[in-house]
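*Asks:* got a predicted structure here, sequence first:
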Amino acid sequence: MGTNNIHSTALRVDHLTIGHGDKVLVRDISFELAPGECVLLAGPNGTGKTTLLKALAERGPVLIPTSIPKVKGFTVDAFIRTGCYRESDWRGRISADAAARLEKALELLGIQSLKHRDISTLSDGEFQKACLATGLTRKAEVLLLDEPTAHLDVENRIDVLRTLKDVARRTGTAILFSSHDLHDALQVADRVFVLTRDGRFLASEDKETALTQAFPACF
């Protein structure tokens, strides 16, 4: 288990450009994520947050499915195991190492008691933790989450955010998550990455200064 290490890098991005087709949203995106960091990705709608997360996922980090439906018929255990197909045999049985990571993820997230529950019966907050467990079971160095607190009530929103921070701190996994719940997200974020309406990317430890440039009317 580790915490932030300024001498190592979980993810490095140099001069990345993102957009849709011929339309460029942001140019020259460069940053590093350290192991154990929990970083907020913020910006107005349409500035490219989801596009950036999907582009980063192509480089190896795991993009956590936070907006998929809770399909009836899958237990939490089965749901998490579906994300480990690369470590499964022809019968669909995952490796012993992956199974051990699954159990460890359930324990870390405090959802061992939900292991055999149908995911359709979970609260939204519980389901978000099950989704997070899929990334931890896959042994990812970097987890990407697109609006993990969307549609959650205040209690579950705060619980999920605190869980993200705790997972990063205790496992050394770097976490980059987008959110519109800026006030709550700032409480757990080590840094903020901001996408602005005029196509700029800002990375700053001075969180409020960065957000002021993205949301001048709010800060």
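*Replies:* Sure thing, it's come through.
*Asks:* shaky segments in this protein?
*Replies:* Counting by pLDDT under 70, the chain has low-confidence residues at 1-7, 65-67, 85-92, 205, 214, 216-219.
*Asks:* what segments of it are strands?
*Replies:* All strands of the chain, identified by DSSP state E, fall at 11-20, 23-33, 38-42, 62-64, 142-146, 174-178, 191-195, 201-204.
*Asks:* deepest of those, which one?
*Replies:* strand 174-178 (a mean of 26; mean count of other Cβ atoms under 10 Å). Glycine gets a C-beta too; all of them are placed from N, C-alpha and C.
*Asks:* hang on, isn't residue 215 packed against residue 44?
*Replies:* Yes. Applying Cβ atoms under 8 Å as the test, residue 215 and residue 44 come out as touching, 7.1 Å apart.
*Asks:* who's more crowded, those two?
*Replies:* residue 215 (16 against 13; other Cβ atoms under 10 Å).
*Asks:* residue contacts, the more buried one?
*Replies:* Residues in contact with residue 215 (Cβ atoms under 8 Å, 6 or more residues apart in numbering) are 42, 44, 182.
*Asks:* and residue 54, by the same measure?
*Replies:* residue 63.
*Asks:* do residue 180 as well
*Replies:* 42, 147, 150.
*Asks:* now, which of those sits nearest residue 190?
*Replies:* residue 42 (13.6 Å; Cβ to Cβ).
*Asks:* partners of the closest residue to that closest one other than its chain neighbours in the sheet?
*Replies:* What sits nearest to residue 42 in space, not counting adjacent residues and going by Cβ to Cβ, 6 or more residues apart in numbering, is residue 194, at 5.3 Å. Beta-bridge partners recorded for residue 194 (DSSP bridges): residue 42, residue 202.
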